[in-house]
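**Student:** Pasting the sequence and the predicted model now:
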Amino acid sequence: MLTAKNLTKNYGTHRALDGLNLTIESGEIFALLGQNGAGKTTTINCFLGFIEPSSGEAIINGLSVKDHALETKKHLAYIPETVMLYPNLTGSENLAFFSSLAGFSYSQKELETFLLKAGLQSEAHQQRVGGYSKGMRQKVGIAIALAKKAKALLLDEPTSGLDPKASNEFSEIVKVLSKNGTAILMATHDIFRAKEIATRIGIMKEGHLVSVIEAATISANELEQLYLQTV
């Protein structure tokens, strides 16, 4: 579903990505670990089409992002560290608006069903998003992914700033999405959360993917030690 082929990105003399090769299948959760500047967000931005690679390709569902920018976006949902929603609209209104941009039109009951599946309590559906916590905003982001019928979900530091309860709730929803066949790429600093929910874990350093580990084969403490040795 998501493929990086020799993906390289230069900013002047700085090489942010250096020949990255990566494949993420439907239903897989791939967690990218690495320090700031390792290339995690650059990788996600190449898949989103926010930046154009210097060489190589980002491919979504068999289509090159560079050659099929609009078509590939239809398969994607993106949840950044801070979900950008309209604060003066309700959760339900935000969901209706963003799903309409993807070409979908839903009844109020259908919108509420998506929000409930994303874990947002019913009493919040008609409240303005300006009063939401970060965790609640993340849940609207998940609801948008559900409404768009996204085949791939890109997450950039999704649990940063969440309390343990909200972080755990978010992780459980992501695992449900993967079980339903969504391919998920998550950039994170949270080693223990990565171990908890990922299928595979990659460690990036200076634009290189230096290690790829099957999550089931390593403990959280072992992963932490490997990470510290790597970076």
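**Tutor:** Great, that's in hand. What you are looking at is a predicted structure, and each value in this text was computed from that prediction instead of being measured.
**Student:** how much distance is there from stretch 153-173 to the middle of the chain?
**Tutor:** Averaging C-alpha positions (CA atoms, centre = their mean, to the nearest Å) puts stretch 153-173 10 Å from its chain's average.
**Student:** list the buried ones in that stretch?
**Tutor:** By neighbour count with 16 or more other CB atoms under 10 Å, stretch 153-173 contains the buried residues 153-159, 162, 166-167, 169-171, 173. Where you see a C-beta, it was placed from the backbone N, CA and C, and this is true even at glycine.
**Student:** Same question for stretch 94-103.
**Tutor:** Applying 16+ other CB under 10 Å to stretch 94-103 flags 94, 95, 96, 98, 99 as buried.
**Student:** Any idea which residue is closest to the centre of the protein?
**Tutor:** In the chain, the centroid-proximal residue (CA atoms, centre = their mean) is residue 155; its distance is 1.8 Å.
**Student:** Would you mind identifying the next helix or strand past the helix ranked longest in the chain?
**Tutor:** The residue-count maximum for a helix in the chain (DSSP state H) belongs to helix 164-179. Moving toward the C-terminus from helix 164-179, the next helix or strand (DSSP states H and E) is strand 183-187.
**Student:** Which helix or strand lies directly C-terminal to that next one?
**Tutor:** Using DSSP H and E, the helix or strand that follows strand 183-187 in sequence is helix 191-197.
**Student:** what helices or strands is that following helix leaning on?
**Tutor:** Applying 3 or more CB pairs under 8 Å, 6 or more residues apart in numbering; DSSP states H and E, we find helix 191-197 packed against strand 29-33, helix 164-179, helix 220-230.
**Student:** For residue 139, which of those is the nearest?
**Tutor:** Closest to residue 139 of those, according to CB to CB: helix 164-179, at 7.4 Å.
**Student:** Quick one: residues in contact with the closest one.
**Tutor:** Identification of contacts with helix 164-179 by CB atoms under 8 Å, 6 or more residues apart in numbering yields 27-29, 118-119, 133-135, 138-139, 142, 145-146, 153, 155, 158-159, 162, 184, 186, 190, 193, 196-197, 199.
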